[in-house]
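A.B. asks: What follows is a protein structure lacking sequence information:
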């Protein structure tokens, strides 16, 4: 029994981050409301690095590096490749991705490759490319190529991004970072994952959630399109016909 307890203690110590410290963090908003005039929202992330509860040390020694990963709701997405077939452009190849982030943004206190080894970054899904290397029936190379292209397209829309030096240390242990959510940010639950590194090793992490949701008439339209798609489609057609008829009457005069 004693040997078993010793073995379990050793295994637990190996699974804990090296030089573990306690991360105390927070964010400025826990809810972002989307209205017709919504043009983006600035979020502030902040925190401090403290000794573990019960530790004899009163302060922790750095230097520390902080990485904040903001994840939006996951979706099933399909990346397609178009090729020219006898003068006609057709979708000839595609790769489906399940539980792919609809929003992904990274803020870091230094260049990511200077903070930790790339294997550690990928293992913790800090690099955007880590989602392009997830196991997929399409095969590793096809998944990687199509995934990178999907990330590139979403980056152009402002939904994916990496902002190195986006985290600023106000003191040896206190940091702050700001991120502006674009107007195209998908509604749903978001997670801000904060990682603390020291000497290339992950020593602490913490997750905090916030929500992006539509309110007012925009919320009514979104719910109608989701819950009553047939009625919503018919209403859109009737509205388009009425608008066209009214426009014809006005311009005829």
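C.D. replies: Received it, and whenever you're ready, just let me know what you need. Because the structure is predicted, anything quoted here is derived from the model rather than measured. Residues are numbered from 1 along each chain as shown.
A.B. asks: looking at this, residue 134 is in a strand?
C.D. replies: No: the assignment for residue 134 by DSSP: H, G, I helix; E, B strand; the rest coil gives coil, which leaves it out of any strand.
A.B. asks: Please tell me I have it right and it contacts residue 96.
C.D. replies: No: contact criterion Cβ atoms under 8 Å: residue 134 and residue 96 do not qualify, at 11.4 Å. To be clear about C-beta, it is placed using only N, CA and C from the backbone, and glycine gets the same treatment.
A.B. asks: For burial, what's the neighbour tally of residue 179?
C.D. replies: Neighbours of residue 179 under the rule other Cβ atoms under 10 Å: 19.
A.B. asks: pLDDT wise, what is it at?
C.D. replies: Residue 179 is assigned a pLDDT of 92 by the prediction.
A.B. asks: and if you look at residue 185?
C.D. replies: 85.
A.B. asks: On the three-state scheme, it is what?
C.D. replies: coil.
A.B. asks: Now the phi/psi pair for it, please.
C.D. replies: phi -60, psi 130 (degrees, to the nearest 10).
A.B. asks: how near is it to residue 244?
C.D. replies: Residue 185 is 32 Å from residue 244, where distance means Cβ to Cβ, to the nearest Å.
A.B. asks: These two: who's more crowded?
C.D. replies: The neighbour comparison of residue 185 against residue 244 (other Cβ under 10 Å) goes to residue 185, with 22 against 10.
A.B. asks: ok, the more buried one touching residue 32?
C.D. replies: Yes: look at residue 185 against residue 32 with Cβ under 8 Å: they come within range, at 7.5 Å.
A.B. asks: and the gap between the residue nearest to the spatial centre of the chain and residue 115?
C.D. replies: Residue closest to the mean C-alpha point of the chain, counted by Cα atoms, centre = their mean, is residue 71 at 2.1 Å. Remark: distance between residue 71 and residue 115 (Cβ to Cβ) = 19 Å.
A.B. asks: re earlier: and the residue nearest to the centre of the chain, bridged to which residues?
C.D. replies: residue 104, residue 191 (DSSP bridges).
A.B. asks: residues in contact with it?
C.D. replies: Contacts of residue 71 were listed using Cβ atoms under 8 Å, 6 or more residues apart in numbering, and they are 101, 103, 104, 190, 191, 192, 193.
A.B. asks: likewise residue 105?
C.D. replies: Residues near residue 105 by Cβ under 8 Å, 6+ apart: 69, 70, 160, 161, 162, 163, 179.
A.B. asks: Just say helix, strand or coil for the fifth one.
C.D. replies: Secondary structure, three-state DSSP: residue 162 is strand.
A.B. asks: which residue packs closest to it, ignoring adjacent ones?
C.D. replies: residue 106 (4.5 Å; Cβ to Cβ, 6 or more residues apart in numbering).
A.B. asks: List the residues that contact the one you found.
C.D. replies: 67, 68, 69, 70, 112, 126, 127, 128, 161, 162, 163, 166.
A.B. asks: now swap in residue 49 and tell me
C.D. replies: Neighbours of residue 49 in contact, by Cβ under 8 Å, 6+ apart: 21, 22, 23, 24, 60, 62, 64, 173, 196, 204.
A.B. asks: Those, buried ones only, as a ChimeraX selection?
C.D. replies: In ChimeraX, this line selects whichever of the contacts of residue 49 come out buried by 16 or more other Cβ atoms under 10 Å:
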select :21,22,23,60,64,173,196,204
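A.B. asks: which of the contacts of residue 49 sit farthest apart?
C.D. replies: Greatest spatial distance in the contacts of residue 49: 24 and 62, 15.4 Å, computed using Cβ to Cβ.
A.B. asks: which stretches of the stretch 1-150 of the chain form strands?
C.D. replies: Listed in chain order, the strands found in the stretch 1-150 of the chain under DSSP state E, counting those that start in this stretch are 22-27, 31-34, 41-50, 65-71, 74-85, 88-101, 104-108.
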